[in-house]
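Peer 1: The following block contains a protein sequence and its predicted model.
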Amino acid sequence: MSFRILMVEDDKSVAEMMGMFFQKENWQVDYAYDGVQAVEMFHQHSQEYSLLTLDLNLPKKDGIQVAKEVREISPTVPIIMLTARDSESDQVLGLGIGADDYVTKPFSPLALVARIKALQRRVMMQTVDQATTAQDYDVVTKHLKISKKRREVLFDNQAVTGLTPKEFDLLTTMANKPKQVFARDQLLQLIWGYEYLGEERTVDAHIKKLRQKLEKVGPQVIQTVWGVGYKFDDSQV
């Protein structure tokens, strides 16, 4: 998809000047000249815009309100605030409501292009990191990621530490099939490799310790199914 910018700027001369610099970078650019128009355009084409440059002082609806409404539509689209104000409180306000960067007027067009390229690189790196992360784990659920090669368990990106080999294997087996109920004798065969006749309490003991270690980083996700066994389910957490 091409890089497409929505420039929200009430000064048409500034918008046209920046448009020339954007076009030199082969970026597409659309213009909105007031806050109401900006929100309407973004709402209609939110999946097409790669980034917004957003003036703080706009007619009809100011940049702060525009940013809030844009963030309701897209929590991730990069936003660069443009404003003549240069106070720390305005910068904190702009960044606090979801802007990714802040440029004060007057600014160098080349400096703004450089800021946009920096955000563009950051987004691309995050996309690559997310793809790599997804490929780098053998089991991925709503909250849990497990790497068998590294014997690593993350719950909401927090490490679950101190797992014994059997505890790790128990968690991996159940998390690989969320919501499936595993009987105790089934887990004995899958994890220990043979039947522990009369020793199903071995599973209970390991589950108890596993739960204690999981609870250090998050809510309980291993559920007891009375009279049957256990299941892993983090879908309601």
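Peer 2: Yep, it's here.
Peer 1: what is the mean pLDDT for stretch 161-169?
Peer 2: For stretch 161-169, mean pLDDT is 86.
Peer 1: from now on call the first residue 861
Peer 2: In the new numbering, first residue 861, that becomes stretch 1021-1029.
Peer 1: For that stretch, which outside residues touch it?
Peer 2: 1011, 1013, 1031, 1051-1052, 1066, 1069-1070, 1073 (CB atoms under 8 Å, 6 or more residues apart in numbering). For glycine as for every other residue, the C-beta is placed from the backbone atoms N, C-alpha and C.
Peer 1: Can you say which of the residues you listed are buried?
Peer 2: 1013, 1031, 1051, 1066, 1070, 1073 (16 or more other CB atoms under 10 Å).
Peer 1: So which of those sit within helices?
Peer 2: 1031, 1066, 1070, 1073 (DSSP state H).
Peer 1: Distance to residue 873 for those residues - can I get that in a markdown table?
Peer 2: Output for those, formatted as a markdown table (distance: CB to CB, whole Å):
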| residue | distance to residue 873 |
| --- | --- |
| 1031 | 62 |
| 1066 | 71 |
| 1070 | 65 |
| 1073 | 62 |
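Peer 1: Just the closest of these to residue 964, please.
Peer 2: residue 1073 (49.8 Å; CB to CB).
Peer 1: That closest one and residue 1020 touch, don't they?
Peer 2: Yes. Using CB atoms under 8 Å, residue 1073 is in contact with residue 1020, at 5.9 Å.
Peer 1: wait, what's in contact with residue 900?
Peer 2: No contacts exist for residue 900 under CB under 8 Å, 6+ apart.
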